[in-house]
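Undergrad: sequence and predicted model, in that order:
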Amino acid sequence: MLHTVNKSPYEKNSVDTCLRMAKPGSDVLLIEDAVYAAIAGSKLEDEMRKAGAQLKLYALGPDLKTRGIAEDSLIDGIQVVGYDGFVELAAKNECVQSWL
Amino acid sequence: MLHTVNKSPYEKNSVDTCLRMAKPGSDVLLIEDAVYAAIAGSKLEDEMRKAGAQLKLYALGPDLKTRGIAEDSLIDGIQVVGYDGFVELAAKNECVQSWL
Amino acid sequence: MKFGILVNEGPYQHQASDTAYQFVKAALDQGHEIVRVFFYHDGVNNGTRLTTPPQDDRNIVNRWSELAKEHELDMVVCVAAAQRRGIVDADEAKRHGKDADNIADGFRISGLGQLIEAGIKADRMMIFGD
Amino acid sequence: MKFGILVNEGPYQHQASDTAYQFVKAALDQGHEIVRVFFYHDGVNNGTRLTTPPQDDRNIVNRWSELAKEHELDMVVCVAAAQRRGIVDADEAKRHGKDADNIADGFRISGLGQLIEAGIKADRMMIFGD
Amino acid sequence: MANQTKKFLYINRRAPYGTVYALEGLETVLIGAAFEQDVSMAFMDDGVFQLKDHQDSGETGMKNFSPTYRALGDYEVTKLYVERESLEARGLRPEDLMALTYEDEDDDYKEKPSIHIVSSAELADILEIQDVIFNF
Amino acid sequence: MANQTKKFLYINRRAPYGTVYALEGLETVLIGAAFEQDVSMAFMDDGVFQLKDHQDSGETGMKNFSPTYRALGDYEVTKLYVERESLEARGLRPEDLMALTYEDEDDDYKEKPSIHIVSSAELADILEIQDVIFNF
């Protein structure tokens, strides 16, 4: 299953709930304000690293750029994809769950 | 100063930020989905009790009733007011800050 | 006492407009003055006359129009926010070549300066949003 | 592959409509089929032709209309949500005694069944909201 | 299309009244019930507040749509999964929720509970087997 | 009204782009600057992300409004308070923010920084002295 999340983890509980519900091995794509969860050096870094050990984490590149977040400032292991990669992730997985 | 909050403390960070910013002695009014912060027996009860020792906490009665929350299920010390009480709190304080 | 009111969300999607309405009614009941009700962001969507909510639900737009009429409320829809979202009066429709307008009774379209002015004139500024 | 798209927020206030648009474009570029784009909740506000956004910003409504024309997209605005929020076509205007309509090119108003049907027909249902 | 049956899950994560998602989400479920798919609902995070008993919206002037949940059984929507962890965190007990039931036509129309309290892990399993998930 | 000066504080608590509040809030500040009030801005919670340097919205197709923050000095909006705790929690350092400045006409038009990093406690004090607070 592909899980997408679009909320800042500092503002809303969507990232938390997504990580609680996603089964090991799932794809998780951070889009819109959820890309803020990908920044290294934050208070969430440990939690995201732990999640990344069980899940495949992605962040949407256009949303990172729009917000001025450089790819080299991301937590290790988070892969950046474009809208084409978003479509490919959705096609590849049998079901998509959007945590809003 | 009167602080109002309208977001569920389980969904958004508004209650947290309000309690971080409100000076001792301030009035804090929970409205709309923020009234969920007033329920006793929740994981937030301790935090709300601590806040209530420093601040005067109110909850909007119409929003409690709408959501099916009985007044006797609230954390001790939270006072229930109606829309008229909301107006009175706003008039009594020199400035109103809405945590959204 | 003079209250200024800011409504930042449209009807039905969020409770903001409902709470603002109940607050304004209660303030008027206590004899306070409402300097202005300003609609910003999606709040401009409170000002369309084209809604037809279910009959067993409240009519948020009409309720504002009626309250404004009864108490001569000044209800202002922000022009910049309205242009982004498609709330227009006859003048705006003409200016932008639109073939229809949708503003409801009692609302007028004006600039953000009206919000600042409300903040200056009012004793208390109340914000209702998401 | 067949994608169904659900857009739950209006233009500008939230990024949902932007992301949905970019996703649909990318999916079409890859040769996928878009079964339907369904606009629900405040998403219905994407379907008004009365917007005039600033010239240095994207025109969200027109962009949808143009994409729909180019790719024969079926763009459906939920009738119940639209009635609450004041999005009407000529038929709806007539039915509810409104003196104007505001639906944009390429959008049609229909029932929630169209959303369920999209969920049944599509291989993947994508939700964009707040 | 007629013979194709999919598993539809409607996830409810928001409180009622503060936003319209709960109400308009419920409208979707009722319409969807006519399509004879395999329908479930999940209530988690603040979505559990939707099922709180004794809602009375008179003083806010909003529409009290909680009675509609009681109609779900008549629409053959009988699988309502409520996350235990979400309830407990919010100070709610199962008995604080509306007692939603349905008549089981395969079992002599016995009245049975529609609400099933499940753990986070069980809910995660339920998510995993769905074909279509809507979020409100 | 003309002679009445009030302390206006615009509090920014939301990230840019995900929602419009940052952009439309900034439009309010610019209009408000013409009214010759005592204006301050506060950036806390996700609002600190509004000031992140190097925003480039080309690929999302959204409007990049970050250059407008650089114009604030010209509008004599020169008191921008950024909460340190919010920055740190989010993995941002002060040097990750745009270097916003203004020319101080009372000090030979020297270029001075508009951004002041303050603690939560200092920000709470700043809130306390305001006459009007807008939240975006």
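TA: Alright, I've got the coordinates.

Undergrad: tell me if I'm right that A:S98 and A:L2 touch.
TA: No: in this structure, A:S98 is not within contact of A:L2 by Cβ atoms under 8 Å, at 9.2 Å. All C-beta atoms are positioned from the backbone trio N, CA, C, and that covers glycine.

Undergrad: what parts of chain C come near chain E?
TA: Within chain C, the positions near chain E by Cβ under 8 Å from any Cβ of the partner chain are C:12-15, C:18-19, C:21-22, C:54, C:56-58, C:130.

Undergrad: among these, which one sits closest to chain F?
TA: Looking at the residues of chain C next to chain E and their distance to chain F, the nearest is C:D130, at 8.6 Å (Cβ to the nearest Cβ).

Undergrad: is that closest one in a helix, a strand, or coil?
TA: Here C:D130 is coil, with the state taken from DSSP: H, G, I helix; E, B strand; the rest coil.

Undergrad: do E:E122 as well
TA: Look at E:E122: counting by three-state DSSP, its state is helix.

Undergrad: the longest helix anywhere in chain C near chain D anywhere?
TA: The residue-count maximum for a helix in chain C (DSSP state H) belongs to helix C:16-29. No: remark: helix C:16-29 sits outside contact range of chain D, by Cβ under 8 Å from any Cβ, the gap being at least 11.8 Å.

Undergrad: what sits up against that helix?
TA: Contact partners of helix C:16-29, identified using Cβ atoms under 8 Å, 6 or more residues apart in numbering or on different chains, comprise B:6, B:31-32, B:62, B:82-84, B:86-87, C:3, C:5, C:7-11, C:34, C:37, C:43, C:46, C:58, C:60, C:63-64, C:67, C:71, C:73, C:126, C:128-130, E:60-62.

Undergrad: identify the residues contacting the following helix or strand past that helix?
TA: Downstream of helix C:16-29, the first helix or strand assigned by DSSP states H and E is strand C:33-39. Contact with strand C:33-39 is made by C:1-7, C:20, C:24, C:27-28, C:46-47, C:64, C:68, C:71, C:73-78, C:81, C:107, C:114-115, C:117-118, C:121-122, as judged by Cβ under 8 Å, 6+ apart.

Undergrad: quickly run through the sheet partners of strand C:33-39, with directions.
TA: strand C:2-7 (parallel), strand C:75-78 (parallel) (DSSP bridges).

Undergrad: which of these sits closest to E:D56?
TA: strand C:2-7 (24.9 Å; Cβ to Cβ).

Undergrad: buried sites along that closest one?
TA: Residues of strand C:2-7 classed as buried by neighbour count (16 or more other Cβ atoms under 10 Å in any protein chain shown): C:3-7.

Undergrad: now the residues you listed as JSON lines including pLDDT?
TA: Output for those, formatted as JSON lines (pLDDT from 0 to 100):
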{"residue": "C:F3", "pLDDT": "98"}
{"residue": "C:G4", "pLDDT": "98"}
{"residue": "C:I5", "pLDDT": "98"}
{"residue": "C:L6", "pLDDT": "98"}
{"residue": "C:V7", "pLDDT": "98"}
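
Undergrad: which bits of chain C sit near chain F?
TA: Residues of chain C lying close to chain F (Cβ under 8 Å from any Cβ) are C:6, C:8, C:40-41, C:80-81, C:111-113, C:115-117, C:119-122, C:125, C:127, C:129.

Undergrad: what parts of chain E come near chain C?
TA: Going by Cβ under 8 Å from any Cβ, the residues of chain E near chain C are E:17-20, E:60-63.

Undergrad: just among these, which is most surrounded?
TA: Compared across the residues of chain E next to chain C, E:G18 has the highest neighbour count, 29 neighbours, by other Cβ atoms under 10 Å in any protein chain shown.

Undergrad: what's the burial count for the nearest residue to that one once chain neighbours are set aside?
TA: In space, E:G18 comes closest to B:D33 once its chain neighbours are excluded; the distance is 3.5 Å by Cβ to Cβ, 6 or more residues apart in numbering or on different chains. The number of residues packed near B:D33 is 29, by other Cβ under 10 Å.

Undergrad: the residue lying closest to C:I5 once chain neighbours are set aside and C:K25: what is the separation?
TA: With sequence-adjacent residues excluded and distances taken as Cβ to Cβ, 6+ apart, C:I5 is closest to C:V37, at 4.4 Å. Taking Cβ to Cβ, to the nearest Å as the measure, C:V37 falls 12 Å from C:K25.

Undergrad: between the two, who's got more neighbours?
TA: Residue environment comparison for C:V37 versus C:K25 gives the larger neighbour count to C:V37, 28 against 19, counting by other Cβ under 10 Å.

Undergrad: C:V61 against C:N46, yeah?
TA: Yes: using Cβ under 8 Å, C:V61 is in contact with C:N46, at 6.1 Å.

Undergrad: common neighbours of the two, please.
TA: Counting by Cβ under 8 Å, 6+ apart, the residues touching both C:V61 and C:N46 are C:P11.

Undergrad: got the residues of chain C near chain B?
TA: Counting by Cβ under 8 Å from any Cβ, the residues of chain C near chain B are C:1, C:3, C:8, C:15-16, C:19, C:22-23, C:25-27, C:29-30, C:32, C:123-130.

Undergrad: before we move on, which element is A:V15 in?
TA: Using DSSP H and E, A:V15 sits within helix A:14-21.

Undergrad: before we move on, the earlier item: ok, of the residues of chain C next to chain B, which come out buried?
TA: C:3, C:8, C:15-16, C:19, C:22-23, C:25-27, C:32, C:123-130.

Undergrad: ok so E:F134 is a strand residue?
TA: Yes: applying three-state DSSP, one finds E:F134 inside a strand.

Undergrad: point to the residue nearest the middle of chain C.
TA: Geometric centre of chain C, nearest residue: C:F39, 4.3 Å, by Cα atoms, centre = their mean.

Undergrad: pLDDT score assigned to that residue?
TA: Model confidence at C:F39, given as pLDDT, is 98.

Undergrad: ditto for the one 3 residues further on
TA: C:D42 carries a pLDDT score of 98 in this model.

Undergrad: quick one: contacts for it?
TA: Contacts of C:D42 by Cβ under 8 Å, 6+ apart are C:8-10, C:13, C:81, C:85, D:10, D:13, D:42, D:45.

Undergrad: can you count the residues close to residue 50?
TA: No chain was given, so I picked chain A. A:K50 sits with 11 neighbouring residues when counted by other Cβ under 10 Å.

Undergrad: if you could check chain E rather than the one you did, that'd help
TA: When neighbours are counted by other Cβ under 10 Å, E:Q50 registers 28.

Undergrad: got the phi/psi numbers for the closest residue to chain F within chain E?
TA: As assessed by Cβ to the nearest Cβ, chain F sits closest to E:T19 within chain E, at 14.0 Å. E:T19 has phi and psi values of phi -140, psi 170 when expressed as degrees, to the nearest 10.

Undergrad: show me what contacts it?
TA: Neighbouring residues of E:T19 by Cβ under 8 Å, 6+ apart: B:33, C:13-15, C:130.

Undergrad: does the residue of chain C most remote from its centre sit in a helix, a strand or a coil?
TA: For chain C, the largest distance from the centre (Cα atoms, centre = their mean) belongs to C:G97, which lies 24.1 Å off. Secondary structure state of C:G97, per three-state DSSP, is coil.

Undergrad: from chain A, how far off is it?
TA: 31 Å (Cβ to the nearest Cβ, to the nearest Å).

Undergrad: so residue 62 is in which element?
TA: Reading this off chain A. Element membership of A:P62, judged by DSSP H and E, is helix A:61-66.

Undergrad: packing partners for that helix?
TA: strand A:79-81 (3 or more Cβ pairs under 8 Å, 6 or more residues apart in numbering or on different chains; DSSP states H and E).

Undergrad: what residues sit buried inside the strand it packs on?
TA: Buried residues in strand A:79-81, counted by 16+ other Cβ under 10 Å: A:80-81.

Undergrad: was I right to think E:D53 contacts E:R93?
TA: No: counting by Cβ under 8 Å, E:D53 stays clear of E:R93, with 10.8 Å between them.
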